[in-house]
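Student: return atomic coordinates for the entry below.
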Amino acid sequence: MNFLSTGGERRLIFTLFFFLTAVARAEPLTLAEAESMAVARDAAAASLEERSAALSETAVAEAQLPDPELRFGAVNLPVDSFALDNEPMTQLLVGLRQRFPQGDTLRLRREQARSMSAAEAALAEERKLAVTRALREAWIERGYVAEALVIVEMQQSWYRQLEEAVNAAYAAGGRRQNDLFRIAMEREFLEEDEVRLMQVARTWDAELGRWLGADADRVAIEGVPELPAPPPRETALLVLPEHPVLGAEMRRVDAGKLDVEIAKQRYRPNWAIDLSYGIRDGEDMSGDSRPDFFSAMLSFELPIFPRDRQDRRVSAAMAGELAIRNQLEDRQREIRRRFETAWADYESLGRRTGLFEDRVLPAAVANVESTRLAYQNDVVPFDELVRSEKSLLDSRLQLIRLRADRSATAAELHYLTGDTR
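Tutor: Okay, the predicted model is just below:
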C-alpha cells in the first residue's frame, strides 16, 4: 500500500499542520507581539469603536426629514344615510402632510451626532493606549520578580556553600555554633522572600492572562524590559494637548455648542405642508358630475410664550456646555500634572539608576569581597559578614527595582504622549 495515497497524503498534511501549530504556539511571545494581541482582543476598545460607528450612522439619520404622513378618510358624510352622493360637500379625502423641523435643526443634529461619534472614536484610541500601558506594567513587574528570584536564589546558594564551610570548620573546632544558627536564620529569611516573590509572580501572571488569555502561557519573561526612551520634553509638550482623552472632551464641547444652537432653533416654528384631494360622487343641480376638490395648506407653530419653554431650554443647554468646558479644563490640568510628575520621576530614576550602577553596587560588591576575605582570616565577626551580604542583596534588589520603576514611568510617558513604540 502506498503511503502517499489520498488518505496518506491527508494524514501527512494534518500531521504537519498540527506539528507546525504546536511549534508556533511554543514560541515565546515578545513584548511587542503581546501588546498587539492585547489591543486586538480588548472588548472595551471594540465596544467604543462600535458605539462610534453607531453614532456615525445616527448622524445620517438625524439629517433626514420626518416621514410624510398619509391622510385618508371621508369628509362631511351625512349620518342619516351615510350616502356619498346625497350631499354636495361629501367627499372621500386623500392627503399628504410633510412636516419640517425648526430652522436648521436637522443639520445641527447631524453635526452633533458626528461630534459624539468622534468622541467615542477618541476614547477607543485612549483605551488602546491604556491597554498597552497596563500590559507593559504587568510585563515590567513580572520581569522584576523574575530577576529578584534569581538574585535571592544566588544568595541562598551562597549561604548553602557557607553553611558547608562553617560546618566543616565547626567540626574542626574553628567556628562557633552560633554562626550555624545565624546562617540557618538567614536562609529562612531568604526562603520567606522567595515565597513572597512567587506569590507576587502569580498575581502578575494572572494580570497577563487577563490581557492575553491562553497565550499568556507563551510568555517567558526573564527580566525587566527596557522600553524606548520617551520623546524629548519639548516634543512631548507639543503633542500632550492631542491626547485622545482631551480629544474626546473637545468633541464633547463641540457637541455642547451644537446643543445650544439646537435649543435656539426652538424660537423658530415647526411648519408643515398639507396637500389633499377630495373625491365627490353624485351630480349637481344641473345634472353634471360634481367636481373633485384639491386643497393645499401651510401650518406652523406660534412660539409666542418662550419664557418658560425656549428660554429655559437655552439656559439648560448653555449650562451643560459650560459644565463640559470645565471638565475639559480639568482633564487638561490632570494630563499636564501626570506628565510633569512622570517626567520628574523618569529623570530622577535615571540618575538614581546610574548612581547604583556606577557607585553603590560596585562598592557593595567590593565590601562583600573584602569582608569575606577578612572573615576567612578571622579578622571580622560573622555578624559583619552577614551585614555586608545583606547590603549587597538589598543593593541588587534596589537596582532592579529602580530599573523597573523607570520602565514603568516610561510606559506612563508613552501613554501620555500617545506613543506606542
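
Student: can you tell me how far residue 82 is from residue 279?
Tutor: 16 Å (CB to CB, to the nearest Å). C-beta: built from backbone N, CA, C; applies to glycine.

Student: likewise for residue 148?
Tutor: Distance from residue 148 to residue 279, by CB to CB: 92 Å.

Student: quick one: which of those two has more around it?
Tutor: residue 148 (23 against 14; other CB atoms under 10 Å).

Student: in a helix, that's where that one is, yeah?
Tutor: Yes - according to DSSP: H, G, I helix; E, B strand; the rest coil, residue 148 belongs to a helix.

Student: contact partners for it?
Tutor: 197, 397, 400 (CB atoms under 8 Å, 6 or more residues apart in numbering).

Student: which residue is the nearest non-sequential neighbour of the second one?
Tutor: Nearest residue to residue 397 in three dimensions, chain neighbours excluded: residue 148, at 5.8 Å (CB to CB, 6 or more residues apart in numbering).

Student: quick one: pLDDT of the one you found?
Tutor: pLDDT for residue 148: 96.

Student: phi, psi of residue 71?
Tutor: phi -120, psi 130 (degrees, to the nearest 10).

Student: bridging residues for it?
Tutor: residue 95 (DSSP bridges).

Student: could you check how many residues crowd around it?
Tutor: Neighbours around residue 71, by other CB under 10 Å: 12.

Student: low-confidence ranges, the stretch 51-200 of the chain, go.
Tutor: For the stretch 51-200 of the chain, the stretches with pLDDT under 70 are 170-176.

Student: tell me where it has helices.
Tutor: Under the criterion DSSP state H, counting those that start in this stretch, the stretch 51-200 of the chain contains helices at 105-171, 177-212.

Student: out of the ones you listed, which is closest to residue 241?
Tutor: helix 105-171 (12.8 Å; CB to CB).

Student: what inclination does that closest one have with respect to helix 177-212?
Tutor: Helix 105-171 runs at 160 degrees relative to helix 177-212, counting by axes from the mean of the first three to the mean of the last three CA atoms, to 10 degrees.

Student: how about the helices of the stretch 301-421 of the chain, start to end?
Tutor: 310-355, 361-376, 382-417.

Student: just say which of these is most tucked in.
Tutor: Of the helices of the stretch 301-421 of the chain, the one with the most neighbours on average (mean count of other CB atoms under 10 Å) is helix 382-417, at a mean of 20.

Student: that one - contacts with which helices or strands?
Tutor: helix 105-171, helix 177-212, helix 233-239, helix 310-355, helix 361-376 (3 or more CB pairs under 8 Å, 6 or more residues apart in numbering; DSSP states H and E).

Student: please redo it, this time with the cut-off set to 6 Å
Tutor: Using 3 or more CB pairs under 6 Å, 6 or more residues apart in numbering; DSSP states H and E, the elements in contact with helix 382-417 are helix 105-171, helix 310-355, helix 361-376.

Student: quick one: the longest one to chain centroid distance?
Tutor: Just to be clear, that refers to helix 105-171. 15 Å (CA atoms, centre = their mean, to the nearest Å).

Student: picking up where we left off before, include distance to residue 92 when you put the helices of the stretch 51-200 of the chain into TSV, please.
Tutor: Shown next, in TSV, are these (distance: least, CB to CB, whole Å):
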stretch	distance to residue 92
helix 105-171	34
helix 177-212	69
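
Student: let me know which of the ones you listed is the nearest to residue 272.
Tutor: So among those, helix 105-171 is nearest, using CB to CB, at 14.2 Å.
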